[in-house]
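**Q** how would this look folded up:
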Amino acid sequence: MSAPEFSIVIPTRNGERYLAAAIESVLAQSYSHWRLHILESGSTDGTLALVERYLSDPRIALHSTPADQPPLDILGNWARILRLDLSDYLTILGHDDLLDADFLAEIAALIAAEPNASLWLTHFKLIDSDGALIRPCKPFPPRLDADEYLYGLHTRRLESYATGYVMRSSDYIRLGGIPPLRNLLYADLLLWYRLISLGYLACSPRYAFSYRVHEQSMSYAMQLSDWYTASEQYLTGLAESDHFKNERHKRAAYACIAHELKRALYRSLLTLILDGTAEDRRAFRQIEAEIAARAAKAGITGYRDWRVRLLRLIAALPSRRLRRALALPIQLWRVRRAKRLTQRAQADRSRLPESGRP
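**A** Numbers count the residues shown, from 1 in each chain. The predicted model follows:
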């Protein structure tokens, strides 16, 4: 069997802060049979100049939209993957994520051991914006079928991000690439499900890449609306598959979306309380009412707990000083919760071998 060839694709816009580290992690691979494609569109920082420093390496190609053309949105940029000259195997790397030096070597060994799989993965680490270890991922079994995989994600026994998965390029092309969900939210999960359905997921127990977690607050207007639209599209995609033939799978998917909607509302309301203007509050009320009507029609329930109701009441108050004063106990609770999560993450780190710790 010949050594597998890999195409690594990094889609990016304004990735200057982290992109060099991602590229360097590719260059550091102990396995040499790879090509790197960087898909850039619309950057206004130093991304292009940064990438150009690496183009003397013939294995690295930059695909940038011309300056006199409108920049591509995230869907358009990712759609270009289908037009690349891809090797036999494909993996997509977030511009702020990192591959360990043995990632491709481990994947090549996994492909040799599991040739009938249709998607390959290793365990991974979660790191913060500065690259410090947060914790290892939740453990995966060596093999999963498509329904087991999604059910594990929906019940929060597993976790998944867009980086680290390796597939046959021919399968990616045959499926039409990543599903065009709004802003690609949930699109990777739907893609992994469809790919695993062609065979199974094989996972190495080694920790061979890092996913970067950023502290972000969801805005209370367009982002929340886009997220919910993507959620509807995701559920529609699952309804068109075999996954919902099992009622337990369907209930878990809907419960997962309800849980995420509750978290999104909670974050948005807290941001609104602390920094929102009267116009922001009006926009949020309109968006929330629209989402509530759509959720009721879709059968998504259970997302309005006492925290959401309390925060909604506080957010409606006209005085920012009063809103912030009433939100203070909630912020203190969040600090205590963050400390508990940090302690739990420290305990989880004991699962990492010494070689896997930064």
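**Q** C-terminal to the host helix or strand of residue 269, what's the next element?
**A** In this structure, residue 269 sits in helix 247-275 according to DSSP states H and E. Next helix or strand after helix 247-275 toward the C-terminus (DSSP H and E): helix 278-298.
**Q** Point out the other helices and strands that that next one packs with.
**A** helix 222-239, helix 247-275 (3 or more Cβ pairs under 8 Å, 6 or more residues apart in numbering; DSSP states H and E). The C-beta positions use only the backbone N, C-alpha and C, and glycine is treated the same way.
**Q** now these in JSON lines, with distance to residue 321, mean pLDDT and mean neighbour count?
**A** Written out in JSON lines, the entries for the helices and strands packed on helix 278-298 read as follows (distance: least, Cβ to Cβ, whole Å; pLDDT from 0 to 100; neighbours: other Cβ atoms under 10 Å):
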{"stretch": "helix 222-239", "distance to residue 321": "25", "mean pLDDT": "92", "mean neighbour count": "18"}
{"stretch": "helix 247-275", "distance to residue 321": "11", "mean pLDDT": "93", "mean neighbour count": "18"}
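**Q** Turn those into a markdown table, including distance to residue 288.
**A** Formatted as a markdown table, the entries for the helices and strands packed on helix 278-298 read as follows, by distance: least, Cβ to Cβ, whole Å:
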| stretch | distance to residue 288 |
| --- | --- |
| helix 222-239 | 8 |
| helix 247-275 | 7 |
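**Q** right, and these - which one's nearest residue 293?
**A** Comparison of the helices and strands packed on helix 278-298 against residue 293 by Cβ to Cβ identifies helix 222-239 as nearest, at 11.0 Å.
**Q** could you say what helices and strands the helix holding residue 269 packs with?
**A** Using 3+ Cβ pairs under 8 Å, 6+ apart, the elements in contact with helix 247-275 are helix 146-154, helix 222-239, helix 278-298, helix 306-315, helix 320-348.
**Q** repeat that for 6 Å
**A** Using 3 or more Cβ pairs under 6 Å, 6 or more residues apart in numbering; DSSP states H and E, the elements in contact with helix 247-275 are helix 146-154, helix 222-239, helix 306-315.
**Q** got the angle for the first one vs helix 222-239?
**A** Counting by axes from the mean of the first three to the mean of the last three Cα atoms, to 10 degrees, helix 146-154 points 150 degrees away from the direction of helix 222-239.
**Q** now the following helix or strand past helix 146-154: mean pLDDT?
**A** Past helix 146-154, further along toward the C-terminus, the next helix or strand under DSSP H and E is strand 166-168. The average pLDDT within strand 166-168 is 99.
**Q** Which residues does strand 166-168 contact?
**A** Among residues not part of strand 166-168, those counted as contacts by Cβ atoms under 6 Å, 6 or more residues apart in numbering are 89-91, 107, 119-120, 195.
**Q** Can you convert the helices and strands packed on helix 247-275 into JSON lines and add a column each for distance to residue 262?
**A** Output for the helices and strands packed on helix 247-275, formatted as JSON lines (distance: least, Cβ to Cβ, whole Å):
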{"stretch": "helix 146-154", "distance to residue 262": "15"}
{"stretch": "helix 222-239", "distance to residue 262": "12"}
{"stretch": "helix 306-315", "distance to residue 262": "6"}
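**Q** Between the ones you listed, which one is closest to residue 257.
**A** That would be, of those and by Cβ to Cβ, helix 222-239, which comes in at 4.9 Å.
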